[in-house]
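Colleague: All I have is the shape, not the residue letters:
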């Protein structure tokens with residue numbers, strides 16, 4: 001103030017990096033998970049408080065003292081995972097009759113300060129079935145890419161050889177990695193070329209089903225236009241990827257292979273950061289074998305109408321941000337949310353036959369972006385998908401044609 005007094009105008013829980021009075025408002029900059037933001041408050045809503053600021057009168061400067069006898073030993077910093085957070089996170093599964101089973105559970109995550117190491121896990125318990133499921137994962141991150149390993153055990157519905165559904169305990173493990181091969185970032189567009197691999201194995205301790213291993217590798221090229229924070233799903237994007245999968249059954253020993261490819265494009269619509277996205281996926285067997293329950297509808301329900309050597313899937317998304325958010329939660333904040341509406345269909349080829357599956361799949365999902373103080377990020381997604389028979393559209397509301405899913409979004 002002009003008289004030399006100091007007044008406290010306002011406070012921000014994170015910190016204020018600057019402020020200015022403009023048009024009867026106090027406009028100030030602060031910091032949130034997504035970066036710097038601007039906020040404004042009406043001067044009429046502000047009640048300044050006089051601050052008793054200590055005076056520097058009478059304070060005498062002193063010469064700094066240096067202890068020449070002190071010994072400074074270097075100490076190596078170990079970027080180890082530190083306690084992070086845990087949140088209630090229910091498990092969702094489809095039952096034998098197609099019903100959705102909700103089981104109480106929790107998810108936890110630990111991370112290192114530099115973001116190189118991340119540990120995560122989950123537990124949930126199906127009360128009626130008295131079954132406990134859990135997972136444990138570790139991920140190592142570097143500028144060139146990442147490597148992850150995981151273990152999981154769960155009880156899920158499985159279709160046996162006679163076509164009957166039953167609960168089966170599965171134990172699985174996986175190792176996967178991703179490597180950035182080339183990148184080019186420019187003011188108007190960013191381009192990336194990356195390669196990835198994965199090795200996974202699954203066992204069925206309670207049933208006489210052969211355990212198996214699966215090996216895969218892929219190459220992907222993508223480009224995207226930079227987007228503001230309000231564009232939850234980004235703006236213009238394009239990607240194309242191709243790879244190979246080898247399936248190794250261990251008893252008896254046998255090896256099968258298939259090729260897969262995917263492509264997709266996204267365009268920004270001229271209103272409120274809405275986008276339209278289309279994707280196409282195809283898989284084809286390298287031999288006479290066919291693989292069931294691959295290229296499933298969104299949410300991965302175990303719906304398989306036709307089995308053929310080649311399968312294709314087409315998906316159309318309409319996506320829109322729900323709102324730009326800045327909501328505090330324990331350990332971090334919610335920084336955005338987005339809604340997706342989608343429609344899918346499948347096609348098959350083999351034995352000189354090209355056929356449409358004859359079914360449609362439609363649904364919606366909502367995703368939330370969560371950032372945490374320890375550096376982790378989650379994008380949990382809750383959605384549903386319906387199986388629609390054009391000859392009988394009303395059957396889409398039947399229990400066996402409705403699937404609810406929840407993904408933690410690591």
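Modeller: Received the coordinates, thanks. These figures come from a predicted structure and were not determined experimentally. Numbers count the residues shown, from 1 in each chain.

Colleague: Could you list the domains of the protein?
Modeller: Domain ranges of the chain: 6-51, 82-407, per automatic domain parsing.

Colleague: In contact with the nearest residue to residue 356 once chain neighbours are set aside, which residues are there?
Modeller: The spatial neighbour of residue 356 that comes closest, neighbours along the chain excluded (Cβ to Cβ, 6 or more residues apart in numbering), is residue 347 at 5.3 Å. To be clear about C-beta, it is placed using only N, CA and C from the backbone, and glycine gets the same treatment. Residues in contact with residue 347 (Cβ atoms under 8 Å, 6 or more residues apart in numbering) are 311-314, 354-357.

Colleague: Residue 155 too?
Modeller: 126, 129, 131, 133, 167-170.

Colleague: Look at residue 358 and report its pLDDT.
Modeller: We have a pLDDT of 89 for residue 358.

Colleague: meant to ask about residue 63
Modeller: The score at residue 63 is 61. That number is its pLDDT.

Colleague: cool, residue 257 as well?
Modeller: 91.

Colleague: Where among the domains of the chain is average confidence lowest?
Modeller: Sorting these by mean pLDDT places domain 6-51 lowest, at a mean of 75.

Colleague: wait, residue 371 sits on residue 333?
Modeller: Yes: counting by Cβ atoms under 8 Å, residue 371 touches residue 333, with 6.0 Å between them.

Colleague: how far does stretch 356-364 sit from the chain's center?
Modeller: How far stretch 356-364 lies from its chain's middle: 24 Å, per Cα atoms, centre = their mean, to the nearest Å.

Colleague: what does stretch 138-147 give?
Modeller: 16 Å.

Colleague: Tell me the buried residues in that stretch?
Modeller: Buried residues in stretch 138-147, counted by 16 or more other Cβ atoms under 10 Å: 138-139, 141, 146.

Colleague: same thing with stretch 343-362?
Modeller: 343-348, 350, 357, 359-362.

Colleague: Looking at the residues you listed, point me to the pair that's furthest apart.
Modeller: The span of those, defined through Cβ to Cβ, is set by 350 and 362 at 26.4 Å.

Colleague: Residue 376 against residue 118, yeah?
Modeller: Yes: Residue 376 sits in contact with residue 118 when judged by Cβ under 8 Å, with a separation of 6.5 Å.

Colleague: who's more crowded, these two?
Modeller: residue 118 (22 against 19; other Cβ atoms under 10 Å).

Colleague: Okay, and that one sits in which element?
Modeller: Take DSSP states H and E as the rule and residue 118 turns out to sit in strand 117-126.

Colleague: Just give me how far that strand sits from the chain centre.
Modeller: Its chain's C-alpha centre and that of strand 117-126 lie 15 Å apart, by Cα atoms, centre = their mean.

Colleague: Could you point out the helix or strand that follows it?
Modeller: By DSSP H and E, the next helix or strand past strand 117-126 is strand 131-142.

Colleague: Quick check: chain neighbours aside, which residue is closest to residue 218?
Modeller: In this structure, residue 218 finds its nearest non-sequential neighbour in residue 243, 2.9 Å apart by Cβ to Cβ, 6+ apart.

Colleague: Residue 357 too?
Modeller: Nearest one to residue 357, counting by Cβ to Cβ, 6+ apart, is residue 346 at 4.1 Å.

Colleague: And residue 127, by the same measure?
Modeller: Going by Cβ to Cβ, 6+ apart, residue 127 has residue 103 as its nearest residue, at 6.9 Å.

Colleague: So the one you found versus residue 317, what's the distance?
Modeller: 29 Å (Cβ to Cβ, to the nearest Å).

Colleague: quick one on the thing from earlier: ok now do the residue nearest to residue 357, which residues does it touch?
Modeller: 295, 297, 305-306, 311-314, 356-357, 359.

Colleague: I would like the residues contacting stretch 257-267, please.
Modeller: Counting by Cβ under 8 Å, 6+ apart, residues outside stretch 257-267 touching it are 218, 233-247, 275-287, 291.

Colleague: What is the nearest of the buried residues of stretch 138-147 to residue 366?
Modeller: residue 139 (25.2 Å).

Colleague: dump the residue contacts of the closest one.
Modeller: Residue 139 makes contact with 117-118, 120, 146-148, according to Cβ under 8 Å, 6+ apart.

Colleague: again with residue 137
Modeller: 119-121, 148-151, 410.

Colleague: if I've got this straight, residue 223 is in a strand?
Modeller: Yes: applying DSSP: H, G, I helix; E, B strand; the rest coil, one finds residue 223 inside a strand.

Colleague: just checking, next helix/strand downstream of the helix or strand where residue 355 lies?
Modeller: Using DSSP H and E, the element containing residue 355 is strand 353-372. Going down the chain from strand 353-372, the next helix or strand is strand 377-378, by DSSP H and E.

Colleague: From the contact counts, what lies against that next one?
Modeller: Contact partners of strand 377-378 among helices and strands, from 3 or more Cβ pairs under 8 Å, 6 or more residues apart in numbering; DSSP states H and E: strand 353-372.
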